[in-house]
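In: Sharing a model that was predicted from the sequence below.
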Amino acid sequence: MKALVYTGVQELKWQDMPDPKLSEGDVEVVVEAAGICGSDMHAYLGHDERRPAPLILGHEASGLATTGKFKGKRVVFNPLVTCGICNDCLGGRPNLCAKREIISMMPRQGAFAEKVAIPESNIVEIPDGMDPVKAALTEPIATALHAVGVADRILWRPLAECRALVLGGGAIGLSAALILRSRGCADVVIADTNPLRRSAANSEEGFETLDPLSTSPDQNGFDLVIDAVGGRKTREMASDSIRPGGVIAHIGLMDSDDGLDIRKLTLQEVTFVGTYTYTMVDFRSTVEVLHSGALGNLNWVQQWSFADGDQAFQKLHAGKIAAAKIVLTR
């Protein structure tokens, strides 16, 4: 098969690779569309020791199952592979499984390829006629849906009464904003340093946006802050902008530096919660939400071919992409 292989720092090659080997319980999926995630970019820049070259990246994908009970069906798949028997898995929190693995991270090859192997239990069939490109958004949107759900359970006020700040206008940040709005939160601000992304979020989806390099979010101005970046600067911004009694939901994994104002969080009873990926229930729910049209037309996606994937990564790294998400297609 052909695959887009990470071969070294800032180097990807569309080349021949062995077909995936199916372990017990696995099925083969012919990949039709796969999104580029921020974690793929971290690997591309040589910042992820868990993703050493050579490796097939990509874990946000849809395609056609060719084996197993879903044979002949178009599907999406949860890329998080868990043990299924630990207390976390059995207790409904498989995203916290100590033995979890994710495709595109050793030892599992990813989905920037013509074919991928995935456990059958991780597969969700998509509705007839659903665009495979939009179906490939299931994984990042499920991450946002999970984060909003976690925050909603902690907030002291209904979402419809809250003012929310989303840090980061990429796919997960924009998805979080769209989910907040679909659940009644009408006052949502998106902060992003990329003017192209700010423009797209404003013109395509109608969100208020700001450039945090020139305009600081309102101090103590938000009941909920969702940090979809996860860097020191965004944690400082979240600490400054959260209201007393508010909630900071931290999704991003840019770095592990400090940045939180622990004294403020303590004195003002601010809740800080980390949120990681999703459960299988979140994943199934996301497919339904996407298909229902509740998140809009999703015109913030740009398509590139797998063969030109290296160029897409280069433009993303240079900040020359307005789209919140690039999806590679065959």
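Out: Okay, I see it.
In: for the stretch 151-300 of the chain, what spans make up the strands?
Out: Residue ranges of the strands in the stretch 151-300 of the chain, as given by DSSP state E, counting those that start in this stretch, are 163-167, 187-191, 208-210, 222-227, 242-250, 271-274.
In: okay, the ones you listed in TSV with distance to residue 51 next?
Out: Backbone N, C-alpha and C define where each C-beta goes, glycine included. Shown next, in TSV, are the strands of the stretch 151-300 of the chain (distance: least, C-beta to C-beta, whole Å):
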stretch	distance to residue 51
strand 163-167	24
strand 187-191	28
strand 208-210	31
strand 222-227	23
strand 242-250	22
strand 271-274	21
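In: Present those as JSON lines; the columns should include mean neighbour count and distance to residue 84.
Out: Converted to JSON lines, the strands of the stretch 151-300 of the chain look like this (neighbours: other C-beta atoms under 10 Å; distance: least, C-beta to C-beta, whole Å):
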{"stretch": "strand 163-167", "mean neighbour count": "26", "distance to residue 84": "33"}
{"stretch": "strand 187-191", "mean neighbour count": "22", "distance to residue 84": "37"}
{"stretch": "strand 208-210", "mean neighbour count": "17", "distance to residue 84": "42"}
{"stretch": "strand 222-227", "mean neighbour count": "27", "distance to residue 84": "30"}
{"stretch": "strand 242-250", "mean neighbour count": "22", "distance to residue 84": "27"}
{"stretch": "strand 271-274", "mean neighbour count": "15", "distance to residue 84": "23"}
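In: Export these as JSON lines, with columns for mean pLDDT and distance to residue 301.
Out: Conversion of the strands of the stretch 151-300 of the chain to JSON lines gives the following (pLDDT from 0 to 100; distance: least, C-beta to C-beta, whole Å):
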{"stretch": "strand 163-167", "mean pLDDT": "98", "distance to residue 301": "18"}
{"stretch": "strand 187-191", "mean pLDDT": "98", "distance to residue 301": "17"}
{"stretch": "strand 208-210", "mean pLDDT": "97", "distance to residue 301": "18"}
{"stretch": "strand 222-227", "mean pLDDT": "98", "distance to residue 301": "21"}
{"stretch": "strand 242-250", "mean pLDDT": "98", "distance to residue 301": "24"}
{"stretch": "strand 271-274", "mean pLDDT": "98", "distance to residue 301": "27"}
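In: closest one to residue 144 among those strands?
Out: Closest to residue 144 of the strands of the stretch 151-300 of the chain is strand 222-227 (C-beta to C-beta; 8.1 Å).
In: partner strands of that closest one, parallel or antiparallel?
Out: strand 163-167 (parallel), strand 242-250 (parallel) (DSSP bridges).
In: by how many degrees do it and strand 187-191 diverge?
Out: 40 degrees (axes from the mean of the first three to the mean of the last three C-alpha atoms, to 10 degrees).
In: Relative to residue 68, which of the strands of the stretch 151-300 of the chain is closest?
Out: Going by C-beta to C-beta, the one of the strands of the stretch 151-300 of the chain nearest residue 68 is strand 271-274, 34.2 Å.
In: outside of the closest one, which residues touch it?
Out: 150, 151, 154, 246, 247, 248, 249, 250, 260, 265 (C-beta atoms under 8 Å, 6 or more residues apart in numbering).
In: Report the contact partners of the second one.
Out: Just to be clear, that refers to residue 151. 224, 226, 247, 249, 273, 275.
In: what about residue 69, how many neighbours?
Out: Close neighbours of residue 69, defined as other C-beta atoms under 10 Å, add up to 10.
In: Which residues are in contact with it?
Out: With C-beta under 8 Å, 6+ apart, residue 69 has these contacts: residue 120.
In: Show me which helix runs longest in the chain.
Out: In the chain, assigned by DSSP state H, the helix with the most residues is helix 138-154.
In: quick one: buried residues of that helix?
Out: 138-152 (16 or more other C-beta atoms under 10 Å).
In: Equivalent analysis for stretch 297-310, please.
Out: Quick answer for stretch 297-310 (16+ other C-beta under 10 Å): 298, 300, 301, 302, 304, 306, 309, 310.
In: Same list (these) but as JSON lines, adding pLDDT, distance to residue 113 and secondary structure.
Out: Shown next, in JSON lines, are the buried residues of stretch 297-310 (pLDDT from 0 to 100; distance: C-beta to C-beta, whole Å; DSSP: H, G, I helix; E, B strand; the rest coil):
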{"residue": "298", "pLDDT": "90", "distance to residue 113": "24", "secondary structure": "coil"}
{"residue": "300", "pLDDT": "91", "distance to residue 113": "25", "secondary structure": "coil"}
{"residue": "301", "pLDDT": "94", "distance to residue 113": "20", "secondary structure": "strand"}
{"residue": "302", "pLDDT": "94", "distance to residue 113": "20", "secondary structure": "strand"}
{"residue": "304", "pLDDT": "97", "distance to residue 113": "15", "secondary structure": "strand"}
{"residue": "306", "pLDDT": "96", "distance to residue 113": "8", "secondary structure": "helix"}
{"residue": "309", "pLDDT": "96", "distance to residue 113": "11", "secondary structure": "helix"}
{"residue": "310", "pLDDT": "96", "distance to residue 113": "15", "secondary structure": "helix"}
